[in-house]
Structures are given as C-alpha cells and as structure tokens.
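Engineer: I need the structure of the sequence given here:
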Amino acid sequence: MAACDADRTTDITEKLCETRDCNKPAKLQCPTCIKLGIKGSFFCSQECFKGSWKLHKTVHKKEEKKYNPWPHFQFTGILRPFPKTDTRTVPAHIGRPDYADTGIAIGEQLARRSASIKVLSSEEIKKMRLVCKLAREVLDEAAKVIKPGVTADEIDRVVHEVSDYLACLLGQPTLTGISRKRLLSFST
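Structural biologist: Next up is the predicted model:
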C-alpha cells in the first residue's frame, strides 16, 4: 500500500493544476476519479477543486458504466439494478427439493390439501432441531457480511457456500469460520 501511495505522490508532484488559468503544482487528485480509474484530475488546492467541480464532475458521468436491463424504465432515487451473475451450481451429492427446477413446491401443495397435521416422531423432531440450528448458522453467517455497499449477490454467495458446507458437514473441516465442534454439538 505504501508503494502505491508513493507512486501517486510522485505523479502528483510532477503535475499541474487542471483548473483553468491555474498553473500551480498539483497537490490533490479527485478521489472519485481515483475510484473510477480515470487518469489525471489533479488540483493545487481544495478551492481549485471546488471551483472546477461543476465542469469536472461531467468526466465521472462519462466514465461510469451503467447497467440497465430495462432501458425504457425511468428510475427514481439512487438504487439501480446490478448485473445478473451466473447461476450457482449445487453438487450432485446434495439432494434437490421438488421445487428446484420448476419453482413449484409440489410436496407443500399436497400437504396443504391434507386435512391432517403431521405428528413428528422423536427421531424426526431431533432431525428438525438439527436442521433449524443449521439454518440459524446460515443466517448468522449471512448477517456477518451485511453492511452498506455489500451486494445481495455477495450475501447470496456466502449463504450458498455455507449451505453447501453444512450439507457436506460430516468429517470435513470448516471452511467458513463455523467451528466443526460447534456444528457437531448440534446433533446431540
């Protein structure tokens, strides 16, 4: 990191302020331009930067790459759609629910038609408790990454990885920060 800062300082000291009619040595660089990877944008002072902001900010708009899957839709506010990522795959050894391919939960629909309430055996209750505890772990891991600037796709990736790991739990070390000892304690 220090090497990058040193390189940036060297570049700035060799540049002149880009404000019209100001030829002083540059001391600052536009932070938005740095973030967007735009070359140049050097200024001698905060006052010069503020004074040329109205003209300078147009450079940012030209460089921003906009993704819009609905070009005829007029957005309001600041939220915009994020480019769709590839569909995640689930390993073959993990069972797929009946709704995985069609999106229709046939098993749930059949259960709703039935007038009886299923009473679980003590073994089924143990399994249900384990599943609920593991689901809680998945939610806890997802909650750890939630903060401003994190996309829903990133949260989905974490949930997918943790769920995949938990499905392959027995005999495998942890990959996501969940201790094996803690997970195995759920089965008791």
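
Engineer: Now do stretch 139-159: distance to the chain's middle.
Structural biologist: Using C-alpha atoms, centre = their mean, to the nearest Å, the distance from the centre of stretch 139-159 to the centre of the chain it belongs to is 6 Å.

Engineer: now the residue of the chain most remote from its centre: how far from Ile146?
Structural biologist: Relative to the mean C-alpha coordinate of the chain, counting by C-alpha atoms, centre = their mean, the farthest residue is Asp21 (43.8 Å). Using C-beta to C-beta, to the nearest Å, we find Asp21 at a distance of 48 Å from Ile146. C-betas here are computed from N, CA, C, even on glycine.

Engineer: cool, and Thr76?
Structural biologist: Where Ile146 is concerned, Thr76 sits at a distance of 25 Å (C-beta to C-beta).

Engineer: Neighbour count: these two, which is higher?
Structural biologist: For Thr76 versus Ile146, neighbours defined as other C-beta atoms under 10 Å are more numerous around Ile146 (11 against 5).

Engineer: dump the residue contacts of that one.
Structural biologist: When contacts are counted by C-beta atoms under 8 Å, 6 or more residues apart in numbering, Ile146 touches Ile155.

Engineer: Need phi/psi at it.
Structural biologist: Backbone torsions for Ile146, taken as degrees, to the nearest 10, come to phi -80, psi 120.

Engineer: Tell me the predicted confidence for it.
Structural biologist: Note for Ile146: predicted pLDDT of 92.

Engineer: Done for today, thanks.
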